[in-house]
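*Asks:* sequence below, structure please.
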Amino acid sequence: PDGAAPNRPAMSAAGVTVWLVTFWGLTTCAEAETAISPAHRLWSAGAGLAHVEASSLPIWALALLTLGGGALLAVGGWLFLRRQNAGREQRQKEAQREASSQRFAHLMDSLDDVIMISNEQRRVVEVNRRAEAQYGYSLAELRGIELSLLRAPEARADFEETRKVMEVGKPVLFQTIHRRKDGSTFPVEISSRWVTVGGEQLSLGIIRDITGRRQAEEALRRSEERLRFALEAATDGLWDWDLATGDLYLSQRYWEILGHKGGSPSTGRDHWERMVHPDDLPQVEQTSADYIAGKTPVCQCEYRMRSQNGDWLWVLSRGKLVARDAQGRPLRMVGTLSDITHRHRAEAALVASERSYRELFNATTEAIFIYDVASGEVVDVNEPMLRMYGYGSKEEVLGSTAAAFSAEGQLHLQKAPAAPLNSGQLGSGARVFEWQARRKNGERFWVEVSLRRARIGGQERELAVVRAISQRKPAEAERERLLALLERTPDF
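*Replies:* Numbers count the residues shown, from 1 in each chain. Prediction:
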């Protein structure tokens with residue numbers, strides 16, 4: 001009608017914009033509320049949307065229609081409000097999808113591995129930001145690149161074979177060599193499979209740079225080679241005992257010590273026990289049990305083992321725990337085996353025959369000291385001792401104590417010599433330990449000492465058989481370093 005006010009926005013309620021078309025000069029919500037019957041008003045006194053029953057609204061619209069053009073206001077307002085509500089729900093869903101997409105993208109970009117999606121034409125469709133650092137390309141350069149161009153030239157030959165395996169629907173895990181933008185190459189491990197997204201077949205690949213792993217494996221391989229060469233040079237055999245299963249690994253040199261030309265690397269504990277002299281087996285088992293229980297700091301023991309030809313050989317075994325489970329239970333021990341038959345035969349001969357001991361005394365390659373138990377003084381030495389320690393005659397040595405032949409700063413007794421703190425009590429009264437000795441000129445060198453009591457000439461004596469081990473110490477140091485490396489490297 002004449003004088004109608006222009007259309008204008010009137011209010012916002014519950015997050016929905018409501019437009020009020022005013023007629024007949026009604027320009028405010030208050031005027032509209034006055035003009036419309038309180039029983040059918042669309043707004044409450046607080047200018048918010050009223051709670052009108054859905055079934056009553058058409059009646060309201062028809063009733064107003066009979067009164068004039070105002071009916072169009074009610075119908076248009078109702079329909080407009082419904083459209084506005086539908087639009088708000090759509091925008092909320094879109095916002096939720098966008099937020100979810102951003103979270104997923106952030107998660108993918110935070111991974112240390114490259115996530116790469118390619119199509120059936122073997123071109124990259126999407127990739128995470130980790131690929132920029134790994135390959136040196138920008139994301140724009142990576143999208144659309146042909147997959148084979150990311151492989152090193154020498155690794156492209158097996159590309160087709162890998163794709164064929166994937167085409168039959170099987171997930172694949174393989175290693176290959178990839179190339180960066182600057183031409184440098186690096187090893188990778190790839191887990192890949194086909195997925196269907198929106199009806200399109202896409203290849204999902206997870207690519208991991210394994211340069212560090214390869215370097216660690218190569219370092220371990222070289223260390224193992226050095227250890228093997230060192231053990232061969234030191235004439236020691238190597239053993240590895242799985243305490244959980246009882247399985248034993250025995251090196252080739254281990255079998256050679258026992259006279260076998262080619263023994264099986266792996267054997268059972270029961271088979272090994274049958275090779276140990278039955279009189280010595282209880283002592284061997286007790287020594288191992290005490291060490292595993294923490295009662296002794298080292299695990300070393302002398303005992304007899306049967307050789308291939310049936311003879312009994314004296315051996316010295318040293319071991320160390322290298323693995324425990326989460327509860328502290330021992331899982332694995334490794335160690336070495338040395339043939340000490342000649343030393344034992346020399347010692348046995350000295351104890352058994354006082355009359356002929358002099359010939360054997362000087363024939364052995366080890367240095368031999370004979371101490372008086374009461375005074376702790378040297379009463380006799382053999383010729384190898386003079387050569388080993390750099391003395392010209394026995395007169396320079398006789399009457400001295402063990403301190404004269406030991407490096408300063410070590411534990412030793414002023415009287416009768418005894419094993420240091422790191423020695424272990426062995427069978428038949430023998431004690432074996434390593435010691436840093438001193439030559440006449442002051443030079444230090446490492447020796448292995450075997451101490452035992454014996455009656456010589458009807459008197460109690462302390463017999464010390466000494467073997468130089470300076471050449472073996474670097475090999476043992478390398479072995480310890482390798483064992484420490486194995487303890488720190490996880491299973492792969």
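*Asks:* my read is residue 160 is in a strand, agree?
*Replies:* No: going by DSSP: H, G, I helix; E, B strand; the rest coil, the assignment for residue 160 is helix, not a strand.
*Asks:* from residue 203, how far off is it?
*Replies:* Counting by CB to CB, to the nearest Å, the gap from residue 160 to residue 203 is 14 Å. For the C-beta atoms, the positions are set from N, CA and C on the backbone; glycine is no exception.
*Asks:* higher neighbour count, the two?
*Replies:* A direct count of neighbours by other CB atoms under 10 Å for residue 160 and residue 203 places residue 203 higher, at 20 against 9.
*Asks:* okay, now residue 254: neighbour count?
*Replies:* 21.
*Asks:* and it, which of the three is it?
*Replies:* helix.
*Asks:* wasn't residue 475 part of a helix?
*Replies:* Yes: Residue 475: assigned to a helix according to three-state DSSP.
*Asks:* pLDDT wise, what is it at?
*Replies:* Residue 475 carries a pLDDT value of 71.
*Asks:* try residue 280
*Replies:* pLDDT, residue 280: 96.
*Asks:* also residue 43?
*Replies:* 37.
*Asks:* then residue 23?
*Replies:* Note on residue 23: pLDDT of 36.
*Asks:* can you give me the helices for this structure?
*Replies:* 29-35, 57-65, 70-110, 130-135, 139-142, 159-167, 211-233, 252-257, 269-275, 281-292, 341-352, 357-363, 383-389, 472-488 (DSSP state H).
*Asks:* of these, which shows the lowest average pLDDT?
*Replies:* When those are compared on mean pLDDT, helix 57-65 scores lowest, with a mean of 38.
*Asks:* burial count for the closest residue to residue 380 other than its chain neighbours?
*Replies:* Of all residues not flanking residue 380 in the chain, residue 370 sits nearest, at 4.2 Å (CB to CB, 6 or more residues apart in numbering). Using other CB under 10 Å, residue 370 has 21 other residues around it.
*Asks:* now residue 370, which residues is it bridged with?
*Replies:* For residue 370, the beta-bridge partners are residue 380, residue 463 (DSSP bridges).
*Asks:* isn't it right next to residue 465, touching?
*Replies:* No: shown here, residue 370 and residue 465 do not form a contact pair, counting by CB atoms under 8 Å, at 10.3 Å.
*Asks:* residue 336 against residue 240, yeah?
*Replies:* No: with contact defined as CB under 8 Å, residue 336 does not count as touching residue 240 (10.7 Å).
*Asks:* for those two, indicate the residue with more neighbours.
*Replies:* The neighbour comparison of residue 336 against residue 240 (other CB under 10 Å) goes to residue 336, with 24 against 17.
*Asks:* spit out the contact partners of the more buried one.
*Replies:* 231, 236-239, 317-318, 479 (CB atoms under 8 Å, 6 or more residues apart in numbering).
*Asks:* report the contact partners of the closest residue to residue 155 other than its chain neighbours.
*Replies:* Excluding the flanking residues, the one nearest residue 155 by CB to CB, 6+ apart is residue 177, at 4.2 Å. For residue 177, the contact set (CB under 8 Å, 6+ apart) comprises 151-152, 154-155, 185-188.
*Asks:* please apply the same query to residue 408.
*Replies:* When contacts are counted by CB under 8 Å, 6+ apart, residue 408 touches residue 438.
*Asks:* measure it to residue 276 for me?
*Replies:* Here residue 408 is placed at a distance of 40 Å from residue 276 (CB to CB).
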